[in-house]
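A.B. asks: Dropping the sequence and predicted coords here.
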There are 2 protein chains.
Amino acid sequence: MYPNDGFRELDRQECLRLLAKVPVGRIVHTRQALPAVLPVNFSLEEDGAVVLRTAAASELVRAVDGVVVAFEADEVDAATRSGWSVVVTGPAGVVTDPGEHERLVRTGPRSWVPWPQEVFVRIEPELVTGRALVGGRSLYGVRPPKWIPARR
Amino acid sequence: MYPNDGFRELDRQECLRLLAKVPVGRIVHTRQALPAVLPVNFSLEEDGAVVLRTAAASELVRAVDGVVVAFEADEVDAATRSGWSVVVTGPAGVVTDPGEHERLVRTGPRSWVPWPQEVFVRIEPELVTGRALVGGRSLYGVRPPKWIPARR
């Protein structure tokens, strides 16, 4: 989120309501000292945590376990210049509690392909930000909003 | 890109062909020491560089000018579990050459809203990676591919 860029900022509740609508987002992290971004399916916990399911020995787990990541989802319609983007930022960690793991097997994200040893990765919703873009000028006066941040 | 995760890796040419199909991607960078991701509209140069257009004094410009960023675009259909994701990784920089700026005014990305002082930001395509997901088992034998990286 950048301030003063003409977008409507979304509050936490709106962000989580929108996040719950979509099945796939993108986990943003660092890989070999470079920025990395990977689409993943996910589920949303009641407290706003994002839960991913992956192989225990995956490179993704090694890259994100214990580090702060961003998880982004959006829906943008370029034709109408409308849509939204939500980012959950916080530490990611493998769920190690057996009871919690069992609960997530039942209620967490489905594996698009089951792996022999799967783990859940939980991203803590320390920071939940979002913004909405509504096409047309009616809501924004002289100029419509845009995705590119405004100067301050 | 993670190795051995059941996806079909795309070569550079395929990546650029797919990138050219979509109007909006996401620039991944660091903001105040945290991972940040922002949807933006863009255009693609013939050499694979990604070009954004924004206000000269925007916070985004300050955040990415001269640093290595990732730019991601994707199309995913969760219902059919098919789609693709492409990432361009390289240094971002404001286009300072007047002639090049003028060329981009004509051929570069359109501003969704014009700002008084706009600049173009070019992301060098040092690394262009992508992967495709095709739903169903026919192309992948026993198990279909998934977005979550496999263990190695």
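C.D. replies: Perfect, I can see it now. Numbers count the residues shown, from 1 in each chain, chains lettered A, B, ... in the order given.
A.B. asks: Regarding chain A, what is its longest helix?
C.D. replies: helix A:98-107 (DSSP state H).
A.B. asks: Helices along chain A, start to end?
C.D. replies: Ranges of helices in chain A, per DSSP H, are A:12-19, A:59-64, A:98-107.
A.B. asks: Output the contacting helices and strands for the second one.
C.D. replies: Okay, so that is helix A:59-64. Where contact means 3 or more Cβ pairs under 8 Å, 6 or more residues apart in numbering or on different chains; DSSP states H and E, helix A:59-64 is packed against strand A:24-31, strand A:34-41, strand A:50-55, strand A:118-123. For every residue, glycine as well, the C-beta is placed using N, CA and C.
A.B. asks: tell me the mean pLDDT over that helix?
C.D. replies: Helix A:59-64 comes out with an average pLDDT of 92.
A.B. asks: just the last one next, same as before
C.D. replies: Along helix A:98-107, the predicted local confidence has a mean pLDDT of 96.
A.B. asks: got it, and stretch A:118-134?
C.D. replies: On average, the pLDDT along stretch A:118-134 is 93.
A.B. asks: A:Leu10 against A:Val134, yeah?
C.D. replies: No: using Cβ atoms under 8 Å as the test, A:Leu10 is too far from A:Val134 to be in contact (11.9 Å).
A.B. asks: neighbour count winner among those two?
C.D. replies: The neighbour comparison of A:Leu10 against A:Val134 (other Cβ atoms under 10 Å in any protein chain shown) goes to A:Leu10, with 20 against 17.
A.B. asks: give me the number of residues near A:Tyr61?
C.D. replies: Wrong residue type there; residue A:61 is Val, not Tyr. Around A:Val61 there are 20 residues (other Cβ under 10 Å).
A.B. asks: I'd guessed it sits against A:Arg53; true?
C.D. replies: No: using Cβ under 8 Å, A:Val61 is not in contact with A:Arg53; the gap is 10.7 Å.
A.B. asks: tell me, what's touching the two both at once?
C.D. replies: Listed contacts common to A:Val61 and A:Arg53 are A:Val119, A:Val121; contacts here mean Cβ atoms under 8 Å, 6 or more residues apart in numbering or on different chains.
A.B. asks: which non-adjacent residue is nearest A:Glu72?
C.D. replies: B:Val37 (4.4 Å; Cβ to Cβ, 6 or more residues apart in numbering or on different chains).
A.B. asks: who's in contact with the one you found?
C.D. replies: Per Cβ under 8 Å, 6+ apart, neighbours of B:Val37: A:Arg26, A:Val28, A:Val37, A:Ala70, A:Glu72, A:Val87, B:Arg26, B:Ile27, B:Val28, B:His29.
A.B. asks: For A:Glu118, state which of the residues you listed is nearest.
C.D. replies: Using Cβ to Cβ, A:Arg26 comes nearest to A:Glu118 of those, at 20.2 Å.
A.B. asks: That closest one touches B:Phe71, doesn't it?
C.D. replies: No: when contacts are counted by Cβ under 8 Å, A:Arg26 is not listed as touching B:Phe71 (12.0 Å).
A.B. asks: Same drill for these two, tell me which one is more crowded.
C.D. replies: Using other Cβ under 10 Å, the more surrounded residue of A:Arg26 and B:Phe71 is B:Phe71, with 27 against 24.
A.B. asks: Check the gap between the more buried one and A:Pro125 for me.
C.D. replies: B:Phe71 is 25 Å from A:Pro125, where distance means Cβ to Cβ, to the nearest Å.
A.B. asks: Same check on A:Thr80?
C.D. replies: Taking Cβ to Cβ, one finds A:Thr80 at 29 Å from A:Pro125.
A.B. asks: more neighbours, the two?
C.D. replies: The neighbour comparison of A:Thr80 against A:Pro125 (other Cβ under 10 Å) goes to A:Pro125, with 20 against 11.
A.B. asks: Neighbours of the closest residue to A:Pro109 other than its chain neighbours, how many?
C.D. replies: Counting by Cβ to Cβ, 6+ apart, A:Ser43 is the residue found nearest to A:Pro109 once chain neighbours are left out, at 4.1 Å. A:Ser43 has 18 neighbouring residues, counting by other Cβ under 10 Å.
A.B. asks: Kindly provide the distance from A:Ser43 to chain B.
C.D. replies: In this view, A:Ser43 and chain B are 12 Å apart by Cβ to the nearest Cβ, to the nearest Å.
A.B. asks: Please name the bridge partners of that residue.
C.D. replies: Note on A:Ser43: beta-bridge partners by DSSP bridges are A:Val51.
A.B. asks: Enumerate the positions of the longest strand along chain A that are buried.
C.D. replies: If you go by DSSP state E, chain A has its longest strand at strand A:82-94. Within strand A:82-94, the residues scored as buried using 16 or more other Cβ atoms under 10 Å in any protein chain shown are A:Ser82, A:Gly83, A:Trp84, A:Ser85, A:Val86, A:Val87, A:Val88, A:Thr89, A:Gly90, A:Ala92, A:Gly93.
A.B. asks: Done for today, thanks.
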